[in-house]
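Undergrad: Next one to model:
(one chain, ligands or ions: 2)
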Amino acid sequence: MSYVDEVYERVVAQNPAQPEFHQAVKEVLESLRVVIEANEEKYKKEALLERITTPERAILFRVPWVDDKGQVQVNNGYRVQFNSAIGPYKGGLRFHSSVNLGIIKFLGFEQIFKNSLTGLPIGGGKGGSDFDPKGKSDREVMAFCQSFMTELYRHIGADTDVPAGDIGVGGREIGFLFGQYKRIRDSYEGVLTGKGLTYGGSLARTEATGYGLLYLTQELLKCNGKELAGKTVVVSGSGNVAIYAIQKAQQLGAKVVTCCDSTGWVYDPEGIDVAVLKDVKEVKRARLTEYVKARPNAEYHEGKGVWSVKCDVALPCATQNELDLEDAKTLVSNGCFCVCEGANMPTTLEATEYFQKNGVLFCPGKASNAGGVATSALEMSQNSERLHWTFEEVDAKLQGIMVNIFHNLDDAAKKYGMEGNYVAGANIAGFLKVAEAMEAQGIV
Ligand code: NDP
Ligand code: 2IT
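TA: Ligands and ions are numbered 1, 2, ... in the order given. You can find the predicted model right below:
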């Protein structure tokens, strides 16, 4: 059996009931097969793949808090510090009822390669809780965040591990978490990113993931003789990534006709009104049924459905495995020719293969959504030098980073004889830097 297959079997055996983690590992290892086979003896002796698929540390903790009725609630807290070969652990916190150790491990594993692709000195980590902020009062969210940080603080720090937001963790949650860290540690440091602008946040971090997704998509299209302007785009999600992806796509001349949340989806033939969407999701924290009240020509449908809408470009920006083989077939038969992932692993392995076999330009999230964490690293730089950069400065750096990421994928895919396979390109380019750093640092 080849080394790659041996390690995949080991991961499955040692991490039972963690299908998302297996999926993420499988995708990476399959892409790396050609690189590993060329150096099989050396990598095997160093157990490099066993090490890179095993977190350096995984912290599990209890998070007790008191709800508005005086009832004590208990949630599970996680922080997986996956790999620190190229920098301090860096990655978001997810608060969602579906969070478990396997989900956090898949996200932490993806983060290693994504962070490497940014070209910035950040290692891979991820954390979160099965706490769901939806429907909770601000006081309940604060109580939860304070309790969560009362345990997490001992494991993180500006040079150790720097969490940020992800699903269910936005500016409000980061504020409560930062306040509690500062209070316990008595230290004003860049321990979290995605902070508010009055206390160390970076301009353009809120927009960065969605904007970065479009900067990369635009470069990918350009290099394949196509352009975004005038195209019809379908977006899923209606959170941080989706909102700013829609905004930038529209600024670049595309028409975005859908968005969704976990209960339903919207088709707006005139193009999504970002101001209305922001008011519904960021201010009112309401369902998308509120969106159509303000946009009488738009349609609201219960359940899942954005992938059934005819489009040129699809941008999945909600959650893992939201786009399956059936969806991929529908998109292709409707003429969709480009899919770039805003979310982490939103496309199943079967759907990804289907896109690739049918000539769809497909970019994996670890490359196309890397603008968020890249801008987090820029926030860390600004915190370290105790200065703030302008929106234009950060945005220009973000654009440069996304264009550079695309060319790194493209070059790596070409170099290893898989031109146009940006999944392989991303995994190979991300892996090589981390592998070299791990080898240089000895057996740790
Ligand atoms: P938000 O919490 O802001 O938004 C998530 C959106 O996805 C919401 O519209 C939510 O609907 C929807 N959603 C969540 N879970 C499901 C589900 N199970 N089924 C259907 N819809 C769902 O999160 P973000 O926008 O920050 O994150 C979206 C994705 O992007 C995630 O995969 C995240 O890991 C990834 N990402 C985020 C980055 C960031 O900087 N924030 C950076 C890189 C990647 P509802 O409102 O009903 O919950
Ligand atoms: O998945 C991701 O890259 C994020 N949620 C952002 C992480 C970060 O540290 O900004």
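Undergrad: Quick check: Glu439 vs ligand 1, distance?
TA: 28 Å (C-beta to the nearest ligand atom, to the nearest Å). For every residue, glycine as well, the C-beta is placed using N, CA and C.
Undergrad: and that residue, what is it in contact with?
TA: With contacts defined as C-beta atoms under 8 Å, 6 or more residues apart in numbering, Glu439 is in contact with Glu46, Leu48.
Undergrad: Next: Ala242.
TA: Neighbours of Ala242 in contact, by C-beta under 8 Å, 6+ apart: Gly210, Val235, Ser236, Cys259, Cys317, Ala318, Gly342.
Undergrad: can you tell me which residues contact the residue of the stretch 301-444 of the chain found nearest ligand 2?
TA: Taking C-beta to the nearest ligand atom, ligand 2 has its nearest neighbour within the stretch 301-444 of the chain at Ser376, 3.3 Å off. Neighbouring residues of Ser376 by C-beta under 8 Å, 6+ apart: Lys90, Ile122, Val162, Ala164, Thr193, Gly194, Ser202, Arg205, Ala208.
Undergrad: now swap in Ile246 and tell me
TA: Gly210, Val235, Val256, Cys259, Ile272, Val274, Leu277.
Undergrad: Chain neighbours aside, what residue packs nearest to the first one?
TA: Setting aside the residues directly before and after it, Gly210 is nearest to Tyr244 in space (C-beta to C-beta, 6 or more residues apart in numbering), at 2.8 Å.
Undergrad: Could you report the neighbour count for the one you found?
TA: Per other C-beta atoms under 10 Å, the neighbour tally for Tyr244 reads 26.
Undergrad: you'd agree it is up against Thr206?
TA: Yes: Tyr244 is within contact range of Thr206, at 7.1 Å (criterion: C-beta atoms under 8 Å).
Undergrad: and the stretch 101-250 of the chain, which residues reach ligand 2?
TA: Residues of the stretch 101-250 of the chain found near ligand 2 (C-beta under 6 Å from any ligand atom) are Lys114, Ala164, Asp166, Thr193.
Undergrad: One more pass at 8 Å, please.
TA: Proximity of the stretch 101-250 of the chain to ligand 2 (C-beta under 8 Å from any ligand atom) is limited to residues 107, 110-111, 114-115, 122, 126, 162-166, 193-194, 205, 209.
Undergrad: Out of those, the closest to His407 would be?
TA: Lys114 (16.3 Å; C-beta to C-beta).
Undergrad: ok, the closest residue in space to Ala286 that isn't next to it in sequence - contacts?
TA: Excluding the flanking residues, the one nearest Ala286 by C-beta to C-beta, 6+ apart is Val280, at 5.2 Å. By C-beta under 8 Å, 6+ apart, the contact list for Val280 reads Ser238, Ala286, Arg287, Leu288, Glu290, Tyr291, Ala294.
Undergrad: ditto for Met438
TA: By C-beta under 8 Å, 6+ apart, Met438 lies in contact with Leu48, Arg51, Ile52, Asn83, Ala85.
Undergrad: Return the distance of it relative to Glu46.
TA: 8 Å (C-beta to C-beta, to the nearest Å).
Undergrad: Tell me the secondary structure of Ser202, please.
TA: Classification of Ser202 using DSSP: H, G, I helix; E, B strand; the rest coil returns coil.
Undergrad: Give the burial count for it, as a bare number.
TA: 26.
Undergrad: roughly how far apart are it and Val306?
TA: Counting by C-beta to C-beta, the gap from Ser202 to Val306 is 31 Å.
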